[in-house]
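[1] test case, fold it:
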Amino acid sequence: MQGKGWRLCLAEIGSAQVRDALFDYLASCKRTEVLKTGKPVWTRHDRSGKPGGPLSSYSFAKNLKKYAAESGLESIHIHQTRHTFARMVSEDTGSLVETQEALGHRNLATTRVYVNSIAVKKDKHSGRISERLGIF
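    You can find the predicted model right below:
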């Protein structure tokens, strides 16, 4: 996939469910051959562009909103998925470096700002304070 700044990002799909869903999608479109080529996985299916051409980020976001609304999620933005991913990686690993790698950031400071803006602050002190004050 192509990342920010037109950098190419290769990502392994470790989940069997995700792999199966992707393969089912490609099979339904009769496009399983793209897995062994440099052709785009996500393509246009509308009449306004060239069918089979790469799906633009705008179209991807538009489709996400459409499918989300059909499933009852009215307010969703594509970048929310990135924030959710970052938060989950950060909470699961506890490592800024691993989160940086997962997000593809070049600078750790960028990841620190990103994680700090989305993290739920953990309560580390109320238990000890309550204990010291005799409040249970």
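[2] remind me what the helix of greatest length in the chain packs against, helices and strands.
    Looking across the chain with DSSP state H, the single longest helix is helix 78-93. In this structure, helix 78-93 makes packing contacts with helix 57-70, helix 96-103, helix 108-118, judged by 3 or more C-beta pairs under 8 Å, 6 or more residues apart in numbering; DSSP states H and E. In short, each C-beta sits where N, CA and C put it, glycine included.
[3] now do it, average pLDDT.
    Across helix 78-93, pLDDT averages out at 88.
[4] find the centremost residue of this protein, please.
    Closest residue to the average C-alpha location of the chain: Arg82 at 4.0 Å, with C-alpha atoms, centre = their mean.
[5] pull the number of nearby residues for the nearest residue to Leu64 once chain neighbours are set aside.
    Leaving aside its chain neighbours, Leu64 sits nearest to Ile78 (5.7 Å; criterion: C-beta to C-beta, 6 or more residues apart in numbering). The tally of other residues near Ile78 (other C-beta atoms under 10 Å) stands at 14.
[6] return the residues in contact with Asn63.
    Taking C-beta atoms under 8 Å, 6 or more residues apart in numbering, we find Asn63 in contact with Leu55.
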